[in-house]
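model this:
(one chain, ligands or ions: 1)
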Amino acid sequence: MVKNNNKKFAMHPRNVLRTAPDYTKLAIKHKSFRQVCELELNGKVSLNFRNERTLRELTKMLLLEYFELHVDFAPGSLVPTLALRLNYILWLEDLLAPLRLDTVRGIDIGCGSSCIYSLLAAKKNQWSMLALESKQSNIEYARDNVKRNKLDALVEVYAQPDKQSIFKSYFESAAETAKRDFHFCLCNPPFFDSNAENPFGGNTRNPERRPAPNNVRTGHAEELSCAGGEVQFVQRIIEESELYKSRVLIFTSMLGVKANVPKILDLLKEHQISNVSTTEFHQGHTTRWAVAWSYQNVTLKLDAIS
Ligand SMILES: C[S@@+](CC[C@H](N)C(=O)[O-])C[C@H]1O[C@@H](n2cnc3c(N)ncnc32)[C@H](O)[C@@H]1O
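Take a look at the predicted model:
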């Protein structure tokens, strides 16, 4: 998957997908995946990343092959790419490593129908995860995914009653588990601005927009968009993080476009939050960004973003 030899633009060193998977071998092994593969004249297998079914079968197969996870996605919902989710989990591992925690508890804000981050965190690292989700069909699929993989003891899917809420509804709920503190939160926020004239279209050269993807876009409008797009969503996380500064040790969120990183850093400054770190996630041709902040005495390594 990584053709670029420049380490700066490579996947995380522990990402199992850093070495490109042998799709020909995998097509022989996995029947459902084989059905979406195209055979080239040289006998090698190729994939059409612009086809949604291909992306679904690819992600399902990779989760099974590398993590023994059996995952299904709600029809029409976002199909996650594995390399990016792994890069995010690995960065969190790096942030938490100096703390030498015996048990880790995390919050997955907007887990989607796949519940992919929580499943990976639980299966790979035995982290306890609280997965928050507001869309009913996603909640049902996420719960089924947890159950099918026998991860109920580690992953709780909480039905977010209020789309405007991040942590508040859960922390103020009567659930016994709502009294727990957490070591981190992660988030892949809805990216597009639902108030924009043309939320999903437009000129991809505009630096305000996410670069043109090589893959087909998957997902329902309500999963991918919110009022104000990702900046406003992360702003809500920042605002609620002030309320729960002692309940979550490290707050993090991914960002889909580089131009939004300084906007979030400015917001953090406005809130007088100075313990901040940023990073980049590289997966093939796609780059994403992430920001971490904490109100507590924890060292967050600062990677400069050029
Ligand atoms: C971009 S998707 C990310 C899904 C998944 N985490 C992934 O990375 O593939 C954002 C998800 O957040 C959910 N969502 C939006 N607002 C939310 C809120 N306030 N609380 C919990 N989930 C929310 C959406 O329904 C959607 O499933």
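
host element of the residue of the stretch 201-306 of the chain found nearest the ligand?
Distances between the stretch 201-306 of the chain and the ligand by Cβ to the nearest ligand atom are smallest at E223, namely 3.9 Å. (Glycine included, C-beta is placed from N, CA and C.) Per DSSP states H and E: E223 is located in helix 221-224.

for that helix, which outside residues touch it?
With contacts defined as Cβ atoms under 8 Å, 6 or more residues apart in numbering, helix 221-224 is touched by 77-78, 110, 112, 135, 138, 190-192, 194, 199-200, 217.

any chance of the backbone angles for the closest residue to K258 other than its chain neighbours?
Spatially, and ignoring its direct neighbours in sequence, K258 is nearest to W289 (6.0 Å; Cβ to Cβ, 6 or more residues apart in numbering). Torsion angles at W289 (phi, psi; degrees, to the nearest 10) stand at phi -130, psi 160.

contacts only, for G219.
G219 sits next to 76-79 when contact means Cβ under 8 Å, 6+ apart.

can you narrow those residues down to the ones near the ligand?
Near the ligand, judged by Cβ under 6 Å from any ligand atom, the entries from the contacts of G219 are L78.

pLDDT of stretch 32-46, averaged?
In this model, stretch 32-46 has an average pLDDT of 91.

endpoints of that stretch, how far apart?
15 Å (Cα to Cα, to the nearest Å).

again, but for stretch 19-26
OK, stretch 19-26 end separation, Cα to Cα: 14 Å.

now do it, average pLDDT.
In the prediction, stretch 19-26 has an average pLDDT of 94.

returning to that earlier point: next up, the contacts around the residue nearest to K258.
Contacts for W289 were tallied using Cβ under 8 Å, 6+ apart; they are 254-258, 260-261, 278-281, 305.

picking that back up, which among the contacts of helix 221-224 end up buried?
77-78, 110, 112, 135, 138, 190-192, 194, 199 (16 or more other Cβ atoms under 10 Å).

name the nearest of these relative to L154.
Within those, the smallest distance to L154 is 17.5 Å, found for G112 (Cβ to Cβ).

thought the closest one was touching R85?
No. If you go by Cβ atoms under 8 Å, G112 and R85 don't touch, sitting 10.2 Å apart.

spell out which parts of this structure neighbour the ligand.
Contact residues, the chain versus the ligand (Cβ under 6 Å from any ligand atom): 78, 80, 109-112, 114, 116-117, 132-135, 138, 160, 163, 165-166, 188, 190, 223-224.

from the contacts of W289, which land in strands?
Counting by DSSP state E, these place 254-255, 278-281 in strands.

buried among the contacts of W289? Make that a PyMOL selection.
Buried residues within these, by 16+ other Cβ under 10 Å, are selected in PyMOL with:
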select buried, resi 254+255+256+257+258+260+261+278+279+280+281
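
low-confidence ranges in this structure?
Along the chain, the parts satisfying pLDDT under 70 run over 1-8, 199-214, 301-306.

could you pull out the helices in it for me?
With DSSP state H as the criterion, the chain has helices at 23-29, 31-34, 52-67, 82-96, 116-125, 136-148, 168-171, 221-224, 229-243, 260-270.

good, wrapping up.
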